[in-house]
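Enquirer: return a 3D structure for these sequence lines:
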Amino acid sequence: MHDVILESVVTCPHCGWAQRETMPMDACVFFYECRHCRVLLKPKSGDCCVFCSFGSVRCPQVQQGQCCERSRFE
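Expert: The predicted model follows:
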């Protein structure tokens, strides 16, 4: 198994602002407010979190081959 990457660059699809963030190991991040334009980002359909939708690296759970509950309900 490879090491889990905990940092991801989230890029806002509305204004293009990019921000490096540390991802939690034990939870998905469903909402993220862009620090530049203040738009509230939500995961795209089928993705479990904002890191999987807008980040440079998918979330730790997906990196480890785990499926998040959220993706099952969309």
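Enquirer: helices along this structure, start to end?
Expert: Secondary structure of the chain by DSSP state H: the helices cover 50-54, 60-63.
Enquirer: between these, which one is nearest to T11?
Expert: helix 50-54 (5.7 Å; CB to CB). (Glycine included, C-beta is placed from N, CA and C.)
Enquirer: give the other helices and strands that the closest one contacts.
Expert: Counting contacts by 3 or more CB pairs under 8 Å, 6 or more residues apart in numbering; DSSP states H and E, helix 50-54 packs against strand 7-11, strand 40-41.
Enquirer: could the helices of the chain go into TSV alongside mean neighbour count?
Expert: Compiled in TSV, the helices of the chain are given as follows (neighbours: other CB atoms under 10 Å):
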stretch	mean neighbour count
helix 50-54	23
helix 60-63	19
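Enquirer: returning to what we had before: please identify the most buried of the helices and strands packed on helix 50-54.
Expert: Stretch with highest mean neighbour count among these: strand 7-11 (a mean of 17; mean count of other CB atoms under 10 Å).
Enquirer: averaged pLDDT, that one. What do you get?
Expert: For strand 7-11, the mean pLDDT works out to 98.
Enquirer: now I5. Nearest residue, chain neighbours left out?
Expert: The shortest distance from I5 to any residue other than its chain neighbours is 4.9 Å, reached at V57 (CB to CB, 6 or more residues apart in numbering).
Enquirer: quick revisit: out of the helices of the chain, the one nearest Y32 is which?
Expert: helix 50-54 (4.2 Å).
Enquirer: next, format the helices of the chain as JSON lines and append mean pLDDT and distance to V4.
Expert: Compiled in JSON lines, the helices of the chain are given as follows (pLDDT from 0 to 100; distance: least, CB to CB, whole Å):
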{"stretch": "helix 50-54", "mean pLDDT": "96", "distance to V4": "12"}
{"stretch": "helix 60-63", "mean pLDDT": "91", "distance to V4": "5"}
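Enquirer: hmm, back to that, okay if I get the helices and strands packed on helix 50-54 as CSV plus distance to A18?
Expert: Output for the helices and strands packed on helix 50-54, formatted as CSV (distance: least, CB to CB, whole Å):
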stretch, distance to A18
strand 7-11, 5
strand 40-41, 13
